[in-house]
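K.L.:
pasting the sequence and the predicted coordinates here, then a few questions.
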Amino acid sequence: MAEAHPVGFQWVMEARKRGAKVFHVDPRFTRTSASADVYLPIRAGTDIALLGGVINYILTNELDFREYVLAYTNAATIVSEDFVDAEDAEGLFSGFDPATGSYVQDSWQYAGHERDSGSGHTATARETAAGLRHESHGAPIAGQVERDETLQHPRCVYQILKRHFARYTPEMVQRVCGLPPEKFLELARAWTQNSGRERTGCLIYSVGWTQHSVGVQYIRTGAIIQLLLGNVGRPGGGVLALRGHASIQGSTDIPTLFNLLPGYLPMPHHAQHPTFDDWVNAIRHPGQKGFWGNARAYAASLLKAYWGEAATPDNDFCYGYLPRLTGDHGTYQQVLDMIDGKIRGYFLLGQNPAVGSAHGRAQRLGMANLEWLVVRDLFMIESATFWQRGPEVATGEIVPQECRTEVFFLPAASHVEKEGTFTQTQRLLQWREKAVDPPGDARSELWFFYHLGRRLREKLAGSPLPRDRALLDLAWDYPTHGPHDEPDAEAVLREINGYDIATGRPLAGFAEARDDGTTAVGCWIYAGVYADGVNQAARRRPGGEQDWVAAEWGWAWPANRRMLYNRASADPQGRPWSDRKRYVWWDESAGRWTGHDVPDFEVTKAPSYRPPPGASGPAALAGDDPFVMQADGKGWLYAPSGVLDGPLPTHYEPAESPVRNPLYGQQGNPTRKTYRHPVNSVNPSPPQEHSQVFPYVFTVSRLTEHHTAGGMSRTVAPLAELQPEMFVEVSPELATLAGLNHLGWAHLVSARAVIEAKVLVTDRLVPLRVDGRVIHQLWLPYHFGFEGLVTGDSANDLFGITLDPNVLIQESKIGTCDVRPGRRPTGAALGELVDDYRRRAGVTPGAVPPAVTPGVPIGPPGSGGDGEGNG
Amino acid sequence: MVDAQGRPGGPATPAAPPPGDPAAGAGWVDAPPRMGFFTDTSVCIGCKACEVACKEWNGVPTSGLDLLGMSYDNTGALTANSWRHVAFVEQPRPAGHRGGSEPTEAPASGATEFLGMPAAGPPGRTGTAEGRSDFRWLMMSDVCKHCTQAGCLDVCPTGALFRTEFGTVVVQEDICNGCGYCVSACPYGVIDRRVDDGRVWKCTLCYDRIGAGLTPACAQACPTESIQYGPLDELRERAAARVATLHERGTPEARLYGHDPHDGVGGDGAFFLLLDEPEVYGLPPDPQVTTRDLPKMWQRAGVAALAMAAGAVVAFLGGRR
């Protein structure tokens, strides 16, 4: 965190000044470790084993916050008798379908709901990264669930959880992660002792946790701990993602993703959502508990914002104009499609995949096989010049004179040269003023898209073709100002907020959205950011002039609520858990919820409220169901659906690992997304043969001095000089073993690429012994490329393409490699070296290791059975 | 506090300045309180924001694109082109340094342990991988000390170096003639000549900013308040309290450096909280103002000259005989 988020880290230092104890778990000793009280070096890719160990510690010693767990989580809920846990089946849960490499989730459901809840077969959900939409709400559950309030039922979630993690002992943590048991116990004790009525703990993660083939399950494991300890919905608690750039949260809320529309409405699928009603009902699940019952109003109002007067109830608000998903259109599938000539054009906006994405060579070869490529950036980055100066030019794979891609480089305005909002990890929108005019031809994104749309519409004006109607019917009428006709960013914010069409009055909140075509809302969760016609995101009342929640600084979605699920900050009867942790509580005399924040609960629903039989929507949530966006109102220790690779997190080895999974016969995540393409190769892992050809583990991350792919730091002298060369960090032991010299050259080889770097020998890396084997880990910064003031080979070139099944994030925090002293070969010899490694490792380009490890029994899909399958 | 309007036009007749008040000593009347830096290395996270902010605000040119291999330090030293310098010291933690609460770990019966292989190669560490999780990485943002008795100022023949009303020491680049006397006069090796223009450059404690009531760029950019700016008296109190707190919390190695008005330079305007001996960070353990012995030297030179003259007279008189 100190390395990549130094400004946010000031609060950790502040806590430490007040006596907080800081633990840091990382494969290498970083600037964060330097500021921590306890540093724990871990084998990269084993965090589920570590966190699972903490869960086991909590359950074995009964340290969970029992009152919270019983009332607010699904600990007491009974699970179907069809369910077979991975513990009892060598690492596979019941319902695995080997034909698609995905699960049928029926057997994971709550008892009695095997047929009416969940997603059923999840193959399509994986192709479309459907898990992403759960950023705002849980998966559906029909009707009422069976519970055992004593937590003794063998199939209640609490007992299942206990059995699932029973083998994650301190000794197992040591075997898998390489952490000494006493260090592990120190961590587990500190975490549990600082949670409960009087204290809360907060979990902060970043892409070191997400960019794995089991990335979502890493976060799930952390969330389970936080729920067990009562650290969700309470001040000082939570599970928070540190974002890698300004407004990454904003870019999922109003998405730059292929599978989502604003406010986490799913992009319609051509087969599943042929009509507007099909689409809306797939979101709101008629009859279900919770707050998604109004999805029709959000959907209709969004289409109304897109197509204005053309969108009417009679034509389903132009639903037919929306593009449809046909499968996986994620960034990696697209790149492979580019290589195969299936994609003609590409827009790159503030992104530098030639350096920043996994498998750099595939990225560059893909971009070299387009008709046109538009790059908008502050500087001339690698993704704009790969055809001329990229490493493939040196190897002859790209010939500048023959490269068919026409690249249009358009200079972009930086964040200080345009106005707009940033949305950060707390969902807080903060308005930015423009400080200076952008130089020369540099323009804002808003300017670019507005005028691109305007020109396209002018070119198409009068077209009789039905396919052009979607563009021509758009409501594209933003006011502009200044010499370059810059669109008014506040006008866009007003449309995002939503307004009453007849009067133009901005909506006060999403409850005012209508499904009859009388409101237009660009992003329903942002409704209220322009309430009363005031830019609420621009509020800057100083902290000293308001209470500690600071509700008048910026604006948080939804409804300016600073903490989600804050009903959980009071006990089931509505009283604060403790005076120290007061936040939101039930005021009996006033008959309403009150407190420091906007209550995340129906404000007059008493804690004693119980839903009448057959209730649905919000009315079906009881007065002590704080997780109002979950179908059962509970925090999910066990996820009967929504997560595609298992209802509980399970330790799988990374797609590339030198180690056999110590816990299960199943080596890696059986549902991980792989791509059979000649450009993509995967290094062998046990029990495959020849894994020793790539004996070392490498991991990559950021340096404080640089930003992501380097486009904004390697181009700026005061930053570039602070870390001026690509380097690799190795332990003194590995340096001796591999013959590497401090400040000398080394080259690293994977089945995809060979890159070179200067060697930094440092005690900050420590070899670990895992199951009797020495594991050496290397670390590389991923900032370097061939443009800018300082240049170097790109670490991401070493990675192949293997993705998490839930959200299609790539595994780019761990891979295996070999390391050799000296510079890498150049020209044709470079390819020959990689070929030689592939030959020795038995890697056939395009071949993918089996999803299910040979020897692991596979039960029949669609039902649980007894775990003895046909495998 | 700092009244920018109240600055005198220049040094006036001094009226017996209080000790340790260099501005008054330089002739400033009604000078504002002496301002300085307290750099608390115990909360430094090595982000180098201070280096960048200093370069941006002061327009300091690049100091070169060299990978130095000195941990994460690619700046190397305070120079004419680096007025803040973050040092990184990778240090195996001496045994028992934490107050003995750590269990001395014997490899547990399980299969995993830190390896006890012989260490090898640079940076030349000895010892084993065992206990390397107790390794220490010290970071410290160094800067011009703005000495109470500033050797650079004493030797400057042109008046380019001067004492400001805030008690800081600043070079006026339009007066400096590049003679370089000050370079050898600095006991810390801070002040330095720029190769391409020959003049000397160093930290001004952002004279232009503090005169306008602003915080110096480095302190403003520091995310963890490792660099604190303020009236020196206040900073010294704060620093003493911080050391006491660290001692209470089991960091007996915390100590101040440059805070003592009785040290060889009369105390620094920019002083530090360190977690090890000054030498570990590349700081002189007992800095002395280089002009300390000048009066004595002149005295001796005078005596020698007199003796020589007397000898010459004697020889002359003797010769006449």
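P.N.:
On my side now, so go ahead. Residues are numbered from 1 along each chain as shown, chains lettered A, B, ... in the order given.
K.L.:
switch to C-alpha atoms for all contacts and neighbour counts from now on
P.N.:
OK.
K.L.:
quick check: buried residues in stretch A:840-850?
P.N.:
When burial is assessed from 16 or more other CA atoms under 10 Å in any protein chain shown, stretch A:840-850 yields the following buried residues: A:Ala841, A:Gly842, A:Val843, A:Thr844, A:Pro845, A:Ala847, A:Val848, A:Pro849.
K.L.:
let me see the contact set for the fourth one.
P.N.:
Counting by CA atoms under 8 Å, 6 or more residues apart in numbering or on different chains, A:Thr844 makes contact with A:Ser681, A:Arg838.
K.L.:
quick revisit: how about the buried residues of stretch A:840-850 in JSON lines, adding pLDDT and secondary structure?
P.N.:
Formatted as JSON lines, the buried residues of stretch A:840-850 follow (pLDDT from 0 to 100; DSSP: H, G, I helix; E, B strand; the rest coil):
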{"residue": "A:Ala841", "pLDDT": "97", "secondary structure": "helix"}
{"residue": "A:Gly842", "pLDDT": "96", "secondary structure": "coil"}
{"residue": "A:Val843", "pLDDT": "95", "secondary structure": "coil"}
{"residue": "A:Thr844", "pLDDT": "92", "secondary structure": "coil"}
{"residue": "A:Pro845", "pLDDT": "89", "secondary structure": "coil"}
{"residue": "A:Ala847", "pLDDT": "89", "secondary structure": "coil"}
{"residue": "A:Val848", "pLDDT": "90", "secondary structure": "coil"}
{"residue": "A:Pro849", "pLDDT": "91", "secondary structure": "coil"}
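K.L.:
nearest the geometric middle of chain B, what residue?
P.N.:
For chain B, the residue sitting closest to the mean C-alpha position, by CA atoms, centre = their mean, is B:Lys145 at 3.7 Å.
K.L.:
are we agreed that that residue is in a strand?
P.N.:
No: B:Lys145: not assigned to a strand; according to DSSP: H, G, I helix; E, B strand; the rest coil it is coil.
K.L.:
apart from its chain neighbours, what residue comes closest to it?
P.N.:
With sequence-adjacent residues excluded and distances taken as CA to CA, 6 or more residues apart in numbering or on different chains, B:Lys145 is closest to B:Ala270, at 4.5 Å.
K.L.:
how close does the one you found get to B:Thr291?
P.N.:
Relative to B:Thr291, B:Ala270 is positioned 20 Å away (CA to CA, to the nearest Å).
K.L.:
between the two, who's got more neighbours?
P.N.:
More neighbours sit around B:Ala270 than around the other of B:Ala270 and B:Thr291, counting by other CA atoms under 10 Å in any protein chain shown; the figures are 27 against 20.
K.L.:
for A:Glu705, what are its contacts?
P.N.:
For A:Glu705, counting by CA under 8 Å, 6+ apart, the contacting residues are A:Ser713, A:Leu719, A:Ala720, A:Leu722, A:Gln723, B:Cys47, B:Lys48.
K.L.:
tell me the one of those residues nearest A:Ala590?
P.N.:
Relative to A:Ala590, the closest of these is B:Cys47; by CA to CA it sits at 50.9 Å.
K.L.:
surely that closest one and A:Ala4 touch.
P.N.:
No: contact between B:Cys47 and A:Ala4 fails when scored by CA atoms under 8 Å: they sit 9.3 Å apart.
K.L.:
what sits in contact with each of the two?
P.N.:
With contacts defined as CA under 8 Å, 6+ apart, the residues adjacent to both B:Cys47 and A:Ala4 are A:Thr704.
K.L.:
tell me where the stretch 101-250 of chain B has strands.
P.N.:
Secondary structure of the stretch 101-250 of chain B by DSSP state E, counting those that start in this stretch: the strands cover B:136-143, B:161-163, B:169-171, B:192-193, B:200-201, B:227-231.
K.L.:
can I get the ones you listed in JSON lines with mean neighbour count, distance to chain A and mean pLDDT?
P.N.:
Written out in JSON lines, the entries for those read as follows (neighbours: other CA atoms under 10 Å in any protein chain shown; distance: least, CA to the nearest CA, whole Å; pLDDT from 0 to 100):
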{"stretch": "strand B:136-143", "mean neighbour count": "24", "distance to chain A": "5", "mean pLDDT": "96"}
{"stretch": "strand B:161-163", "mean neighbour count": "22", "distance to chain A": "27", "mean pLDDT": "97"}
{"stretch": "strand B:169-171", "mean neighbour count": "23", "distance to chain A": "23", "mean pLDDT": "97"}
{"stretch": "strand B:192-193", "mean neighbour count": "21", "distance to chain A": "19", "mean pLDDT": "96"}
{"stretch": "strand B:200-201", "mean neighbour count": "24", "distance to chain A": "17", "mean pLDDT": "98"}
{"stretch": "strand B:227-231", "mean neighbour count": "21", "distance to chain A": "13", "mean pLDDT": "98"}
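K.L.:
now the ones you listed in TSV, with distance to B:Cys218?
P.N.:
Below are the strands of the stretch 101-250 of chain B laid out as TSV (distance: least, CA to CA, whole Å):
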stretch	distance to B:Cys218
strand B:136-143	10
strand B:161-163	21
strand B:169-171	16
strand B:192-193	20
strand B:200-201	17
strand B:227-231	7
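K.L.:
closest to A:Gly293 out of the ones you listed?
P.N.:
With distances scored as CA to CA, the stretch of those nearest to A:Gly293 is strand B:227-231 (53.4 Å).
K.L.:
which strands and helices sit next to the closest one?
P.N.:
Using 3 or more CA pairs under 8 Å, 6 or more residues apart in numbering or on different chains; DSSP states H and E as the contact criterion, the elements in contact with strand B:227-231 are strand B:35-40, helix B:217-221.
K.L.:
which of the ones you listed sits most buried?
P.N.:
strand B:35-40 (a mean of 26; mean count of other CA atoms under 10 Å in any protein chain shown).
K.L.:
the helix or strand following it near chain A anywhere?
P.N.:
Taking DSSP states H and E as the definition, the helix or strand that follows strand B:35-40 towards the C-terminus is helix B:49-58. Yes: contact check for helix B:49-58 against chain A, using CA under 8 Å from any CA of the partner chain: residues in range are B:Val52, B:Lys55, B:Glu56.
K.L.:
centre of the chain to helix B:49-58, how far?
P.N.:
Averaged C-alpha coordinates place helix B:49-58 at 17 Å from its chain's average position (CA atoms, centre = their mean, to the nearest Å).
K.L.:
touching that helix from outside, list them.
P.N.:
Outside helix B:49-58, the residues that touch it by CA under 8 Å, 6+ apart are A:718-719, B:60-61, B:82-86, B:141, B:206, B:217-219, B:221-222.
K.L.:
now stretch B:224-231
P.N.:
If you take CA under 8 Å, 6+ apart as the criterion, stretch B:224-231 is touched by A:7, A:9-11, A:13-14, B:33-45, B:141, B:215-216, B:218-219, B:235.
K.L.:
can you check stretch B:32-44 too?
P.N.:
Stretch B:32-44 is contacted from outside by A:13, A:35, B:1-3, B:21, B:23, B:138-141, B:146, B:165-168, B:205, B:224-233, B:235-236, B:239, B:269-275, using CA under 8 Å, 6+ apart.
K.L.:
buried subset of these as a ChimeraX selection?
P.N.:
Only the buried members of these end up in this ChimeraX selection, burial being decided by 16+ other CA under 10 Å:
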select /A:13,35 /B:2,21,23,138,139,140,141,146,165,166,167,168,205,224,225,226,227,228,229,230,231,232,235,236,239,269,270,271,272,273,274,275
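K.L.:
count the neighbours of residue 147 for me.
P.N.:
Picked chain A for this. The burial count for A:Arg147: 19, using other CA under 10 Å.
K.L.:
ah, no, chain B please
P.N.:
27.
K.L.:
so who does it touch?
P.N.:
Applying CA under 8 Å, 6+ apart, one finds that B:Cys147 lies in contact with B:Thr168, B:Val169, B:Val265, B:Gly266, B:Gly267, B:Asp268, B:Gly269, B:Ala270.
K.L.:
next: B:Gly46.
P.N.:
A:Arg31, B:Val86, B:Phe88, B:Met139, B:Met140, B:Ser141.
K.L.:
what's the closest of these to A:Glu495?
P.N.:
Compare each of the contacts of B:Gly46 with A:Glu495 using CA to CA and the shortest gap goes to A:Arg31, at 43.4 Å.
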